[in-house]
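Q: structure of the sequence below:
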Amino acid sequence: MIYLDLLIGFFKVGCFSFGGAYGAIPLIRDIVLAYGWLTDEELTYMIAVSESTPGSIMVNIATYVGSAKAGLPGSLLATFAVVLPAFLIILLLTAVLKKTMNNKYVQALLDGLKPCIIGIILAVGIYMVIEHCAANGAADIRALLISAILGALMLLLPKLTGKKLSPIMLILISAVMGAVVYSI
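A: The predicted structure is shown next:
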């Protein structure tokens, strides 16, 4: 039964995750919690690990959950289930999009999806900061400090230097800051 649950659960994630991995986090969260595969705290840690390892967050989480719940066959099945919809959709879109890319309605649809995805990603980010900086009803000053510094870097660095902070550098800076702040 676990194999069928993994297949269905992660196939849903693959089918309905628009906007990339960050846009998929709310859906991954709902499905993983609904099936009871991870707790909210475990999922947050897994998201952090998935962000700092190569590959898609969806694939990394699917592989981890599948492995934790059903060993190697479970990890292969969950990974297959999460990537299958994207693979099939890309095959279909490649054929169709060549003919319809210049259509004004298609362009309007794609332009309309952008703000939706930005809103989803922003909402998840704000939720995660609030949820984990105020865990157990008490403010985690160290987490708030790290979040504030990273937010300031993201906002101020482009204005001061004219260059954006790369995601790789952001991950490295946050890892170093976390190690330093939480070891004190």
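
Q: check which helix or strand covers the most centrally placed residue in the chain.
A: By CA atoms, centre = their mean, the chain has its centre lying nearest to residue 22, at 3.4 Å. Using DSSP states H and E, residue 22 falls within helix 20-35.

Q: on that earlier part again, quick check: the residue nearest to the centre of the chain vs residue 80, distance?
A: When distance is defined by CB to CB, to the nearest Å, residue 22 is 22 Å away from residue 80. Any C-beta I mention is one placed from the backbone N, CA and C, and that applies to glycine too.

Q: now do residue 67
A: For residue 67 relative to residue 80 (CB to CB), the value is 13 Å.

Q: residue 165 in helix, strand or coil?
A: coil (DSSP: H, G, I helix; E, B strand; the rest coil).

Q: what's near enough to touch the residue nearest to it when sequence neighbours are not counted?
A: By the measure of CB to CB, 6 or more residues apart in numbering, the closest residue to residue 165 outside its immediate chain neighbours is residue 157, 5.1 Å from it. Counting by CB atoms under 8 Å, 6 or more residues apart in numbering, residue 157 touches 163-165.

Q: ok, these vs residue 18, which is closest?
A: residue 164 (23.8 Å; CB to CB).

Q: ok, and the closest non-adjacent residue to that closest one?
A: Per CB to CB, 6+ apart, closest to residue 164 is residue 158, 5.2 Å.

Q: quick check: the gap between that neighbour and residue 177.
A: Residue 158 is 19 Å from residue 177, by CB to CB.

Q: more neighbours: the two, which one.
A: residue 177 (17 against 12; other CB atoms under 10 Å).

Q: which other helices and strands does the helix or strand where that one lies contact?
A: Assessed by DSSP H and E, residue 177 sits inside helix 167-183. With contacts taken as 3 or more CB pairs under 8 Å, 6 or more residues apart in numbering; DSSP states H and E, helix 167-183 sits against helix 141-161.

Q: show me which residues of the helix it packs on are buried.
A: 143, 146-147, 150, 153 (16 or more other CB atoms under 10 Å).

Q: list the contacts for the closest residue to residue 85 other than its chain neighbours?
A: Spatial nearest neighbour of residue 85, excluding adjacent residues (CB to CB, 6+ apart): residue 14 at 3.8 Å. Each residue near residue 14 by CB under 8 Å, 6+ apart is listed here: 58, 81-86.

Q: mind checking the SS state of residue 14?
A: Residue 14 ends up helix, using three-state DSSP.

Q: also residue 7?
A: Following three-state DSSP, residue 7 is assigned to helix.

Q: pretty sure it is touching residue 79, no?
A: No: the criterion here is CB atoms under 8 Å, and residue 7 misses it with residue 79 at 10.8 Å.
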